[in-house]
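Student: just need the structure, nothing else, for what follows:
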Amino acid sequence: MDNRAFYSVFLSFFAGVFVASYIHIGATFAFIVFIAVACLLVKRNHSVLYFICLIFFCLGAYRLEISKTDFHNLDDSVGQVITIEGFISQEPEAKDTTQRFFFKPDSSADKIIVSASLYPKYEYGETLKITGALKFPENFESYPGGPEFDYISYLSKDDVRYVINRPSISKLGGNRENFMVSLLIKIKRAFMGNIERLMPEPHSSLVAGILLGEKSALPMNLRDDFRRSGLTHILVLSGSNVTIVAESLMNIFSFLPRAAAHSLGALSIILFALMTGAGATTVRASIMALIVIMSRRAGRNYNVSRALMLAGLLMLIQNPRILVFDIGFQLSFLATLALVYVSPIIIEKLSFVTEKFQIRQILSTTIATQIFILPFMLYKMGEVSIVSLITNLLVLPLVPWSMFAGFMTGLLGFFSTYIALPIAWITDIILSWMIFVVSIFGELSFAAMRLSIKWPLLIFIYILYVLVIWRWHRKNFSPQSAN
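Tutor: Purely as a prediction, here's the structure:
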């Protein structure tokens, strides 16, 4: 299947999910549309491709439909103080003076977000009795004067429908943990314990952000500096970040046969994704990294755009609601599309920039991603970083090294503190530079500015982007680069 047909089929599934998110297309209606349009197209050129695309569109719409549920048996209790039993379905997340966790009641299919005091600590899988006021979550403005953030739908993608704040909690003494998930959480905590033992704060928390995507442990002022300096993206797991972790492990097992090293690398990616909570961005990144390893094993060239589409399809089959309601998933896809389609255009215009230390590549990547995601960020966040190009040039070349050194610090900490300590010092030096850059630029009064756009302008800008990219790639298309 050529690229055009491949993308058409996959995008048809995405389109079906997107349309069904806003228009309630039942299975019967989708089937009727499918038959009617198929009959119209059957005698036209490319009718087979149209037919397949239509099938995938209907499958996408149907997948979204069957993910919905109309039965919510706790709705009548909203606004009342209730007592309910259940268990913690995910690892709790500590934030400043509170801890938050997903609570799965025994009497309902819907989950509840519980915000409790920081102590006592609660663990994944613990069974609890909770007494508190049951409420619906509320939407809020993304920024003053900006669009409303659909917090209700954002939570619904994880089957969360209610919230309870500061309840009375009693431990019931049972545990309903998944053994493998529990084991991986314990390994993650031990791994981070090694790093915290060997490195000071906020460096150890920064390693947790870069390696595991857990930026909540960073001090609030440092998180703000990362945001204002345009470097928040290094705290989010990407396909390249996960691949660095996998390749580090493959290098460790390089003394084994090639097939065994690649197999261990693939297994490490799966375990790593589970250990970090298997969020949408992590899963997408992990699938892409797995495709990298499998393509190398098969001796084939790695096609990033095809890997991106495949990753997206697999994720939407598992949870179709992330396409519309998960901003992390959306930004991750836009950034990857920028690397694939926009970066080649930018790098062609930067021939005057030196290739030493990958400066041209880093600059083109930074400009491409910033240009491509900027309209979406302005619509969603209403803020733009003025200094992001400079900070990315100063920090991005060191991110792979910081990941590798941080990973080895935590890994070697299981065997010997003395062996891990020199690596920890190197990691500390790299991270100190990152924190220095972020602090200097993030605290500038002009580092970021408020600027918002409305959705009609957003759509218009991306239509222009698509036209420019299409014309450039058509102009530079050659049979040699077709596959």
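
Student: tell me the SS of P137?
Tutor: Secondary structure, DSSP: H, G, I helix; E, B strand; the rest coil: P137 is coil.

Student: do you know how far it is from I113?
Tutor: In this view, P137 and I113 are 7 Å apart by Cβ to Cβ, to the nearest Å. Where C-beta positions appear, they are placed from N, C-alpha and C, glycine not excepted.

Student: can you give me the strands for the chain?
Tutor: Applying DSSP state E to the chain gives strands spanning 81-88, 93-95, 98-105, 111-117, 126-133, 140-141, 148-149, 160-165, 168-175, 383-385, 448-450.

Student: same list, those, but as JSON lines with distance to S343 and mean pLDDT please.
Tutor: Output for those, formatted as JSON lines (distance: least, Cβ to Cβ, whole Å; pLDDT from 0 to 100):
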{"stretch": "strand 81-88", "distance to S343": "42", "mean pLDDT": "92"}
{"stretch": "strand 93-95", "distance to S343": "34", "mean pLDDT": "80"}
{"stretch": "strand 98-105", "distance to S343": "37", "mean pLDDT": "90"}
{"stretch": "strand 111-117", "distance to S343": "38", "mean pLDDT": "92"}
{"stretch": "strand 126-133", "distance to S343": "46", "mean pLDDT": "92"}
{"stretch": "strand 140-141", "distance to S343": "33", "mean pLDDT": "79"}
{"stretch": "strand 148-149", "distance to S343": "30", "mean pLDDT": "78"}
{"stretch": "strand 160-165", "distance to S343": "37", "mean pLDDT": "92"}
{"stretch": "strand 168-175", "distance to S343": "48", "mean pLDDT": "86"}
{"stretch": "strand 383-385", "distance to S343": "19", "mean pLDDT": "82"}
{"stretch": "strand 448-450", "distance to S343": "24", "mean pLDDT": "82"}
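
Student: thinking again about what came up before, any shared contact partners between P137 and I113?
Tutor: The contact sets of P137 and I113 overlap at L155, V160, Y162, V163 (Cβ atoms under 8 Å, 6 or more residues apart in numbering).

Student: now the third one, which residues is it bridged with?
Tutor: Listed by DSSP bridges, the beta-bridge partners for Y162 are I112.

Student: does it really touch I112, like I thought?
Tutor: Yes - between Y162 and I112 there is a contact under Cβ atoms under 8 Å: 4.6 Å.

Student: mutual contacts of these two, please.
Tutor: Any residue near both Y162 and I112 by Cβ under 8 Å, 6+ apart counts here, and that gives L134.

Student: ok, back up a step: most surrounded residue in the shared contacts of P137 and I113?
Tutor: Neighbour counts for the shared contacts of P137 and I113, by other Cβ atoms under 10 Å, peak at Y162, which reaches 24 neighbours.

Student: for it, what are its contacts?
Tutor: Remark: with contacts taken as Cβ under 8 Å, 6+ apart, Y162 is in contact with L74, V78, D110, K111, I112, I113, L134, K135, F136, P137.

Student: coming back round to it: mind putting the strands of the chain into TSV with distance to M199?
Tutor: Formatted as TSV, the strands of the chain follow (distance: least, Cβ to Cβ, whole Å):
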stretch	distance to M199
strand 81-88	29
strand 93-95	19
strand 98-105	24
strand 111-117	28
strand 126-133	30
strand 140-141	36
strand 148-149	35
strand 160-165	34
strand 168-175	32
strand 383-385	27
strand 448-450	29
